[in-house]
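Asker: sequence and predicted model, in that order:
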Amino acid sequence: MSYKLISYVIIIGISLYIANAIKKQGEGKIFFCQAMIDFITYIKSQISYFCTPTKELIDGYNNDILEKCGFLSMIKANDWSTAISHSKMLDSRGKSILVAFSSKLGKTSADEQIENCDFAIESLNAILSEYKAEIPKKYKAYSSLAVIVGLMILILLV
Amino acid sequence: MKKLEKYLPRYILMQLQGITDINEIRLKRDSKLVIKRDGKNYIIDLYITSDEFDSIMDRLLEYSYHSKLPQVIEGYISLGDGYRAGIAGHAVVNNGAVTNLSEIDSVCIRLPFLVRGVCGPVITILEKSNFNAGILIFSPPGGGKTTLLRDLIIRLCDTPIYKRIALIDTRTEIYLPVMSRYPMLDVYSGYPKNKGIEQAIRTMSPDMIVCDEIGNDMETEAILANQSAGVPIIATAHGSDYYSIIKRDNITKMHTAGVFTYYIGISRKPDSNKFNFKITENTHVI
């Protein structure tokens, strides 16, 4: 019986661990998305108030989240395409938004740059809202699944 | 040429390697590369595709079209250290004013160089007037006005003359890093000429003001206003002869007001960095 109980606890534990990992990954996506919105908002304000050159405004920006995942260092080396394609925190929609944003960055007048920033911020905000709504649901579903699977195994073993 | 490594791709730099005394590099979309050397144009057998041209433009604009737009509208991109890229393309016009360029198709990169010992005749006439005479130096484009101006600035603010010089370098193409060692030289880099002249007089008490390519209404007003402050001005203008120069509206105004005591037409001596000078005295000066 104790052998069965240990198995049950291990299975429940693994399932909860997976649920938690999914939650953490989801939170990472939320933080990354939020950090990108902050970054683009910073770009927008630098362009609208000071017309700061692109390199200066990127080099002068610091953000722990974007730094830790290597995104910021890659775009500081002017390699947006690698930074975007290597990012694990973005889904295909997020990537396509950033590809479109970076392809226009620094290539048009200030007014058009501000429009480009606004569009990217708006699009990323929409994705962020979806993530925020989606993650608790996923966590709840995976946690419930873990308990159910655990109970089923327990019944089968008993 | 080292400066251009930042802007031009390697294959172009390789092609230009070993060619000395280049004055200009001309790039055109879907066309061959042209260089100007010793006043002559040479077509280089190197084709610039549209994509390559766009990539060069991105670098010249430092991926910051928005921050370079005021320069782009004026038809140039300042690259610093005396380098300047002139640009031509399709203008977006709003109420008669150029507000943007929808496409850039040609670039002319001017390479600066410092030639010493070419301004002797100008110094002689300035000494004769006790450094109290305004001078307008003129020549057709590419005639060496900026080169002469650089040598003149260094002579004026160096020993034994030691004059306080305010340089209004609107397009950041006159000042070279080597000039930083002259403490009597104050540089107003990127300032519109009228603003630079006003501020120099108000705050830096210069003995002389130097600027290039004058001629528009605001600049004329600032120079005329400066006349009452008593600071002589040395300026340049495009033109081939004295009579055509003084017929231009704004230069006529300055001429009549006696802003310039001397008009100096310059032309390059063949196969040499020296100039021929044609000096005309303004009889309107009171």
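Answerer: In hand now; what should we look at? Please read these numbers as outputs of a predicted model, since none were measured by experiment.
Asker: can you name the residues that contact the residue most central in space within chain A?
Answerer: Centroid-nearest residue in chain A, with C-alpha atoms, centre = their mean: A:K29, separated by 2.1 Å. Contacts of A:K29 were listed using C-beta atoms under 8 Å, 6 or more residues apart in numbering or on different chains, and they are A:M89, A:L90, A:D91, A:Y131, A:I135. (Each C-beta comes from the backbone N, C-alpha and C, glycine too.)
Asker: ok, now with 7 Å
Answerer: A:K29 is in contact with A:M89, A:Y131, counting by C-beta atoms under 7 Å, 6 or more residues apart in numbering or on different chains.
Asker: burial count for B:N23?
Answerer: Other residues near B:N23 number 19, with proximity taken as other C-beta atoms under 10 Å in any protein chain shown.
Asker: export the helix or strand hosting B:E127 as PDB, just CAs?
Answerer: Using DSSP states H and E, B:E127 sits in helix B:120-128. Written as PDB, here are the backbone C-alpha positions of helix B:120-128 (Å, rounded to 0.1, in the frame of the first residue of the first chain):
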ATOM      1  CA  GLY B 120      48.700  83.500 -48.400                       C
ATOM      2  CA  PRO B 121      47.100  86.200 -50.600                       C
ATOM      3  CA  VAL B 122      44.000  86.300 -48.400                       C
ATOM      4  CA  ILE B 123      46.200  86.800 -45.300                       C
ATOM      5  CA  THR B 124      48.100  89.600 -47.100                       C
ATOM      6  CA  ILE B 125      44.900  91.600 -47.700                       C
ATOM      7  CA  LEU B 126      43.600  90.900 -44.200                       C
ATOM      8  CA  GLU B 127      46.900  92.200 -42.800                       C
ATOM      9  CA  LYS B 128      46.600  95.300 -45.000                       C
END
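Asker: for chain B, see how far away the residue nearest to the centre of chain A is.
Answerer: A:K29 sits 28 Å away from chain B, going by C-beta to the nearest C-beta, to the nearest Å.
Asker: how about the secondary structure of that residue?
Answerer: Here A:K29 takes the helix state, with states given by DSSP: H, G, I helix; E, B strand; the rest coil.
Asker: and it, what pLDDT?
Answerer: Note on A:K29: pLDDT of 88.
Asker: same check, this time on B:S240
Answerer: Note for B:S240: predicted pLDDT of 88.
Asker: ramachandran angles for it?
Answerer: B:S240 adopts backbone torsions of phi -100, psi -30, taken as degrees, to the nearest 10.
Asker: show me what contacts it?
Answerer: B:P140.
Asker: OK, contacts around A:T41?
Answerer: Going by C-beta under 7 Å, 6+ apart, A:T41 touches A:I121.
Asker: for A:L57, see how far away it is.
Answerer: Note on A:T41: its distance to A:L57, by C-beta to C-beta, to the nearest Å, is 12 Å.
Asker: circling back: only the buried residues of the helix holding B:E127, if you could.
Answerer: B:P121, B:V122, B:I125, B:L126 (16 or more other C-beta atoms under 10 Å in any protein chain shown).
Asker: and the second one, what is it in contact with?
Answerer: Read that as B:V122. For B:V122, the contact set (C-beta under 7 Å, 6+ apart) comprises B:I135, B:L152, B:I264.
Asker: now a PyMOL select for only the buried ones of these.
Answerer: Typed into PyMOL, the next command selects the buried ones out of these (criterion: 16+ other C-beta under 10 Å):
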select buried, chain B and resi 135+152+264
